[in-house]
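# turn this into a model:
(one chain, ligands or ions: 1)
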Amino acid sequence: MSPRPHACLTQYLVWRRLQRGQLEFLWSLAGALGLVLGHPFDTVKVRLQTQTTYRGIIDCMVKTYRHESLLGFFKGMSFPIASIAMVNSVLFGVYSNTLLALTATSHQERRAQPPSYIHVFTAGCTGGFVQVYCLAPFDLIKVRLQNQTEPRARPPGSPPPRYRGPVHCAVSIFQEEGPRGLFRGAWALTLRDTPTLGIYFVTYEWLCRQSTRDGQDPSPATVLVAGGFAGIASWAVATPLDVIKSRLQMAGLKRRAYRGVLDCMVSSARQEGLGVFFRGLTINSARAFPVNAVTFLSYEYLLRSWG
Ligand SMILES: CN(C)C(=N)NCCC[C@H](N)C(=O)O
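Here you go, the predicted structure:
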């Protein structure tokens, strides 16, 4: 005997819900995996951008390893892992919905009727702008923890690190610098992410269209390569403001008074030369490829499975 139609529908909906749950879980897992692999590079980048004690990438890696062991490279990783699924959902969700509003086509329909690059750029900038306000406090805590160079096993009598962990760091910033302190550097982050996420999605779309027949979905290899290069292109453009953002985030701690983004740019350039804006460019690009290849692969497959 065949089951009643409404029972079939209920079973189907439950199955779809489970499938979605699994996919959301996989997305978080893929994002988190990319982040774990990329975090050591990120730590070296942040230290090069904010501290003047290192002569370059290798010097920073050697000093970090000698002084703090391998664990030193993974400082500040827990909050980014905990928030990556939310930040990516906001970014990709706003991007996709802005494209939907601009072009009135769903993700599936966009293969047959590709949106213009102006629309892709506008949707990317909108996604970038909105995600900043989810990302800013997590990014601030990450940067503060990555800059703590104390080893885990401290010699007796040496002072403890200022922050005992991410929660202690968040509470201390809130108490010492006020609720606005948690958004320190958010304006520089907005200037960094709004245009560069436009570039990110345009690069991805352009590379996918170059190697995919009209109307077809890009292959997994295309998605990985296009995602990786989109990461590199956007981070290359983002690096100067990334340096400024990290310095402003650390400024609250050092009680170093910058009057704003422009002041930080001018005084950094005066003291260290124009090269300061490219600190961390190489390591940022090396990190960007794997992290963003994985991010786009999970995004494409999630949307295809959701239909
Ligand atoms: C240039 N920018 C800011 C970006 N492309 N951002 C989006 C990619 C974010 C990814 N989780 C990453 O950390 O690379």
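
# quick one: name the residues of the chain near the ligand.
Counting by CB under 6 Å from any ligand atom, the chain comes close to the ligand at 193, 196-197, 200, 231, 234-235, 238, 288, 291-292, 295. C-beta here means a position set from N, CA and C on the backbone, and glycine is covered the same way.

# which of those sits closest to residue 39?
residue 291 (9.4 Å; CB to CB).

# ok, that closest one - how many residues close by?
Using other CB atoms under 10 Å, residue 291 has 23 neighbouring residues.

# I'd guessed it sits against residue 36; true?
No: when contacts are counted by CB atoms under 8 Å, residue 291 is not listed as touching residue 36 (9.8 Å).

# thinking again about what came up before, most neighbours among the residues of the chain next to the ligand, please name it.
The residue in those with the most neighbours, by other CB under 10 Å, is residue 200 (32 neighbours).

# what sits against that residue?
Shown in contact with residue 200 (CB atoms under 8 Å, 6 or more residues apart in numbering): 124, 128, 230-231, 233-234, 292.

# taking those residues one by one, which sit in helices?
124, 128, 230-231, 233-234, 292 (DSSP state H).

# closest one of these to the ligand?
Nearest to the ligand among these is residue 234, at 3.6 Å by CB to the nearest ligand atom.

# from residue 301, how far out is the closest one?
Residue 234 sits 21 Å away from residue 301, going by CB to CB, to the nearest Å.

# same thing with residue 46?
Counting by CB to CB, the gap from residue 46 to residue 301 is 31 Å.

# what about these two, which has more around it?
residue 46 (28 against 17).

# which non-adjacent residue is nearest that one?
Spatially, and ignoring its direct neighbours in sequence, residue 46 is nearest to residue 146 (4.6 Å; CB to CB, 6 or more residues apart in numbering).

# ok, residue 34 next?
Nearest to residue 34 is residue 294, by CB to CB, 6+ apart, at 3.8 Å.

# so what's that neighbour scoring on pLDDT?
For residue 294, the pLDDT comes out at 87.

# ok now the helix or strand hosting it, how far from the chain's centre?
According to DSSP states H and E, residue 294 maps onto helix 281-306. Centre-to-centre, helix 281-306 and its host chain are 10 Å apart (CA atoms, centre = their mean, to the nearest Å).

# mind giving me the packing neighbours of that helix?
Contact here means 3 or more CB pairs under 8 Å, 6 or more residues apart in numbering; DSSP states H and E; on that basis helix 281-306 packs against helix 5-50, helix 78-103, helix 220-254.

# continuing past the second one, what's the next helix or strand?
Scanning forward in sequence from helix 78-103, with DSSP H and E defining helices and strands, the next element found is helix 109-112.
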